[in-house]
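Undergrad: need a structure here:
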Amino acid sequence: MPAPADIVKVAIEWPGAFPKLMEIDQVSAWNLPNPETFALQNADSTNFYITEKAQMAQQLHERIQSSSMDMKLDALKDLANSSRDITFAQEFINLDGISLLTQMVESGTDFGDLLSFTLTAFVELMDHGIVSWDTFSVAFIKKIASYVCKSAMDTAVLQRSLAILESMVLNSQDLYQKVAQEITIGQLIPHLQGTDQDIQTYTIAVINALFLKAPEEKRQVQHTLILYLHSSAMFSVCLKFYFSLVCQNVIRSNKPINDEMAHQLYVLQVLTFNLLEDRMMTKMDPQDQAQRDIIFELRRIAFDVECESNNSGSIEKRKSMYTRDYKKLGFINHVNPAVDFTQIPPGMLALDNMLYFARHHQDAYIRIVLENSSREDKHECPFGRSSIELTKMLCEILKVGELPSENCHDFHPMFFTHDRSFEEFFCICIQLLNKTWKEMRATSEDFNKVMQVVKEQITRALTIKPNSLDQFKSRLQNLSYTEILKLRQSERMNQEDFQSRPILELREKIQPEIMELIKQQRLNRLCEGTCFRKISSRRRQDKFWYCRLSPNHKVLHYGDLEESPQGEVPHDSLQDKLPVADIKAVVTGKDCPHMKEKGALKQNKEVLELAFSVLYESDEYLNFIAPDKHEYCVWTDGLNALLGKEMTSEFTRSDMDTLLNMEMKLRLLDLENIQIPEVPPPIPKEPSNYDFVYDCN
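TA: Numbers count the residues shown, from 1 in each chain. You can find the predicted model right below:
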């Protein structure tokens with residue numbers, strides 16, 4: 001049972017819980033007075049706790065300046081552990097402790113474990129958000145960057161140094177400029193060649209942060225430079241080397257990819273595809289000869305013609321020839337195809353994809369163009385129009401131009417297997433489109449229907465997360481138009497909703513039973529409990545807390561954890577309690593107090609959708625941010641069920657539909673192929689007498 005001093009500590013570090021301390025059974029056992037009286041009577045204890053932390057901070061501040069290396073090392077170990085406590089951190093920072101640590105780093109006299117514990121303490125202290133990142137000198141940044149650039153460096157020091165650089169870049173635009181001057185991506189890439197996944201994760205995180213926080217004007221220059229170098233051997237080799245390291249040493253390594261690494265790979269994927277945004281939003285200039293030459297190149301490759309000289313015929317004859325060929329290429333505007341690329345999105349990106357396909361998959365390109373040009377006009381699959389609409393569709397599927405989400409881990413391994421993955425992705429999909437067009441025997445009026453089927457084929461193939469582009473292509477082979485129709489029919493049958501009156505009445509009768517079943521499932525899940533992350537100024541941190549419902553559904557047990565648990569956490573290890581009877585309401589989204597307080601989180605739509613709070617006093621809340629949408633629905637449903645309110649989440653509606661349809665099909669199984677009348681049959685007239693009996697023998 002926790003001691004009174006521990007309760008005082010909770011009251012200091014988590015003021016919101018203090019008014020509820022008296023309602024916890026363990027505290028009631030001490031016969032303490034009400035919270036106000038408790039605060040007055042225990043002011044000495046509170047002051048003692050703060051004084052104790054202040055004395056500890058003062059002692060450690062003196063010990064880390066000791067001339068004895070052993071004493072200094074022990075002091076730094078204690079400092080690294082104690083810095084997690086916010087009260088201690090505040091007292092140590094008040095002693096100008098951050099400046100002392102930065103001076104020790106800048107002096108360069110410490111090394112090995114001394115340096116490792118110094119940086120660990122620094123990271124823990126900065127994690128509380130008390131000190132601004134803008135206060136650090138260039139000398140400190142240079143020193144941290146030097147640790148990252150060294151070929152041989154202690155793993156712990158390297159990890160902390162990478163974490164510090166990432167936090168600097170993410171939290172300060174001024175520090176971004178200084179960090180970018182001290183370290184290059186080329187110096188970071190070698191760290192991916194090791195086997196330590198934490199080092200790899202921090203390395204990719206720093207690279208992502210450098211690009212994500214680059215000023216807009218610099219990002220535009222980067223885009224222009226990348227587009228200029230995209231065809232050069234130098235850029236191709238560098239990008240291919242980086243992606244090959246990520247693919248071989250991270251994605252295809254024997255170690256399972258943890259959530260943080262998955263998030264960083266997702267961010268890298270998003271930032272890579274966002275390089276295409278400029279081309280996607282650039283209209284073609286019909287008067288630009290260089291851009292028009294690309295269209296001439298498409299014509300030349302398709303029909304194997306040389307550029308006609310000025311004397312090869314009259315202007316009218318050449319125009320007629322061009323118009324005929326551009327029609328075969330499937331452009332909407334046969335006279336001036338450049339007009340087709342003035343629509344944004346996809347703008348010039350569509351033309352880039354077409355040229356890549358024509359040059360790198362020449363046989364497939366020529367086959368598609370000639371195959372369609374030999375069909376009847378109404379059955380022709382227009383290559384030009386299809387390429388433009390397909391490029392637009394792929395940009396929507398991959399969300400080109402959108403910023404990475406804070407909590408998403410949805411990356412596709414196949415996009416890291418090729419340095420021109422988007423273009424190769426397009427080449428596979430344009431061939432799929434032509435194949436589906438033939439399978440559907442489509443005409444020009446069916447263009448939008450074909451595009452819908454192709455989109456479904458692509459999204460279904462992506463859901464299995466293929467490891468390579470070849471696996472993706474193989475998966476598409478098994479998703480023919482006939483297979484899509486079968487899948488649609490199967491899903492339609494599973495979701496079929498009978499509308500006759502007897503069936504509707506039966507559904508209404510069964511629905512309360514199903515809802516009670518769902519309610520019991522939600523409460524059972526709350527009894528198992530869930531591990532929640534604590535939100536701090538740095539995204540990546542390893543602080544957790546656990547909450548679970550007691551088996552009798554009367555008390556919520558919760559408490560902090562040192563690390564993410566592997567299974568359920570027993571009630572005994574969770575020190576804090578909240579009686580369900582004291583819960584007043586459950587609020588979600590922007591109504592939560594922790595969403596109002598944190599401006600950064602308020603702007604993040606995804607985090608906002610996962611936030612909920614339990615009101616247990618007039619102004620006291622227990623705040624949650626669910627790890628995912630599923631846990632959010634489970635907890636909000638369960639808490640509403642405990643309060644006797646309706647469960648309204650998407651998860652409940654989905655479960656209700658699934659279970660209700662299943663129960664209906666089971667009950668109606670014996671009536672298959674039997675017509676159910678809309679109205680019940682008439683009741684027969686009463687017999688003239690009741691003088692009859694049934695003889696069982």
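Undergrad: Now do stretch 99-111: distance to the chain's middle.
TA: 37 Å (CA atoms, centre = their mean, to the nearest Å).
Undergrad: what pLDDT, on average, does it get?
TA: For stretch 99-111, mean pLDDT rounds to 82.
Undergrad: Kindly report the same for stretch 212-227.
TA: Stretch 212-227 comes out with an average pLDDT of 56.
Undergrad: Which positions within stretch 346-360 qualify as buried?
TA: If you call a residue buried by 16 or more other CB atoms under 10 Å, then stretch 346-360 has these buried ones: 346-358. (C-beta placed from N, C-alpha, C; glycine too.)
Undergrad: Show me the strands in this protein, by range?
TA: 530-533, 544-549, 555-561, 576-579, 585-588, 611-615, 621-625 (DSSP state E).
Undergrad: Pick the most deeply packed of those.
TA: Ranked by mean neighbour count, the strands of the chain are led by strand 611-615 with a mean of 22 (mean count of other CB atoms under 10 Å).
Undergrad: Residues touching that strand, excluding its own?
TA: With CB atoms under 8 Å, 6 or more residues apart in numbering as the test, strand 611-615 has contacts from 556, 578, 583-589, 591-595, 601, 621-626, 632, 635-636, 639.
Undergrad: can you rerun that using 10 Å?
TA: Outside of strand 611-615, the residues within contact range by CB atoms under 10 Å, 6 or more residues apart in numbering are 535, 547, 556, 578, 580, 582-595, 598, 601-602, 604, 620-626, 632, 635-636, 639, 642-643.
Undergrad: pLDDT score for the residue sitting nearest the centre point of the chain?
TA: Centroid-nearest residue in the chain: C408, 0.7 Å away (criterion: CA atoms, centre = their mean). As predicted, C408 sits at a pLDDT of 88.
Undergrad: still on that earlier bit, which pair in the buried residues of stretch 346-360 spans the largest distance?
TA: Distances among these were taken as CB to CB; the most separated pair is G347 and A358, at 18.3 Å.
Undergrad: how about the CA coordinates for stretch 459-478, as CSV?
TA: Extracted C-alpha coordinates of stretch 459-478, given in CSV (Å, rounded to 0.1, in the frame of the first residue of the first chain):
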residue,chain,number,x,y,z
THR,A,459,-6.3,-0.9,-53.4
ARG,A,460,-7.1,-4.5,-52.8
ALA,A,461,-3.6,-5.5,-54.0
LEU,A,462,-2.0,-2.9,-51.7
THR,A,463,-3.8,-4.2,-48.6
ILE,A,464,-1.6,-7.3,-48.5
LYS,A,465,1.6,-5.1,-48.3
PRO,A,466,3.6,-6.8,-51.0
ASN,A,467,7.3,-6.9,-50.4
SER,A,468,8.3,-6.1,-54.0
LEU,A,469,6.8,-4.6,-57.2
ASP,A,470,6.8,-8.1,-58.7
GLN,A,471,4.7,-9.4,-55.8
PHE,A,472,2.3,-6.5,-56.4
LYS,A,473,2.1,-7.4,-60.1
SER,A,474,1.4,-11.1,-59.3
ARG,A,475,-1.3,-10.1,-56.9
LEU,A,476,-3.0,-8.0,-59.6
GLN,A,477,-2.9,-11.0,-61.9
ASN,A,478,-5.2,-12.8,-59.5
